[in-house]
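J.: attaching a predicted model along with its sequence, questions to come.
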Amino acid sequence: MTTDVLWWTLSVALIVLGVAGTVLPALPGTLFVLAGIVLGAWIDGFTRVGWGVVALVSVMAVIAWVLDYAAGLLGAKKAGASKLALLGAAIGTVAGLLMGIVGVLFMPLVGAAIGEYIAQKDHGRAVKVGIATWVGIMIGMIAKVVIAFMMIGVFIVALLF
């Protein structure tokens, strides 16, 4: 096996790990996708995938990170979430990691609702804040997945054409 094959295997593995990381909060998905793309560009000496493409996918990675972070906060803020609700969503996210994909998807909602209930003692408000936070997180995750695939598409186009 040549060295190039090993490098390309690592590049593809980073990209695949990154795609998984776009839905798993424990992994920095777009960072891994970006690392795989930069490695792929480096393997080829930046001839087919030049610095302009690397800069473009880097900007896309930053946008994905900002959107992912901001979407959950905006959802919570729009519902008037307390700081305890935001803390609850963060704790729920961490707890969800231990519960598999269902936990990752729904524990932030539960955590935000519990945090808001502790802060306000109002069931209806707690549910509203939990759902709004969850919707924001899901929108951020979808945006991150879409942008990650756009990054991969830009890379493939540059590599093949």
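T.: Sure thing, it's come through.
J.: now do stretch 14-27, average pLDDT.
T.: Per-residue pLDDT over stretch 14-27 has a mean of 88.
J.: CA-only coordinates of it in PDB, if you can.
T.: Extracted in PDB, the C-alpha atoms of stretch 14-27 (Å, rounded to 0.1, in the frame of the first residue of the first chain):
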ATOM      1  CA  LEU A  14     -11.900  12.300   8.600                       C
ATOM      2  CA  ILE A  15     -14.600  13.400   6.300                       C
ATOM      3  CA  VAL A  16     -16.900  10.400   7.200                       C
ATOM      4  CA  LEU A  17     -16.200  11.000  10.900                       C
ATOM      5  CA  GLY A  18     -17.100  14.700  10.300                       C
ATOM      6  CA  VAL A  19     -20.400  13.800   8.700                       C
ATOM      7  CA  ALA A  20     -21.200  11.600  11.700                       C
ATOM      8  CA  GLY A  21     -20.200  14.500  14.000                       C
ATOM      9  CA  THR A  22     -22.700  16.800  12.400                       C
ATOM     10  CA  VAL A  23     -25.400  15.000  14.200                       C
ATOM     11  CA  LEU A  24     -23.400  13.800  17.300                       C
ATOM     12  CA  PRO A  25     -22.700  16.800  19.600                       C
ATOM     13  CA  ALA A  26     -19.600  15.000  21.000                       C
ATOM     14  CA  LEU A  27     -17.700  15.300  17.700                       C
END
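J.: so where do the helices sit in the chain?
T.: Here the chain has its helices, by DSSP state H, at 3-21, 29-43, 51-78, 83-97, 100-120, 123-160.
J.: show residues contacting the fourth one.
T.: Contacting residues not belonging to helix 83-97 are listed as 24-26, 72-73, 76, 103-116, 118-119, 126, 129-130, 133, 137 [C-beta atoms under 8 Å, 6 or more residues apart in numbering]. No exception for glycine: its C-beta is placed from N, CA and C like everyone else's.
J.: what residues does the residue nearest to residue 150 when sequence neighbours are not counted make contact with?
T.: Closest residue to residue 150 apart from its sequence neighbours, by C-beta to C-beta, 6 or more residues apart in numbering: residue 60 at 6.2 Å. Residues near residue 60 by C-beta under 8 Å, 6+ apart: 30, 147, 150, 151, 154.
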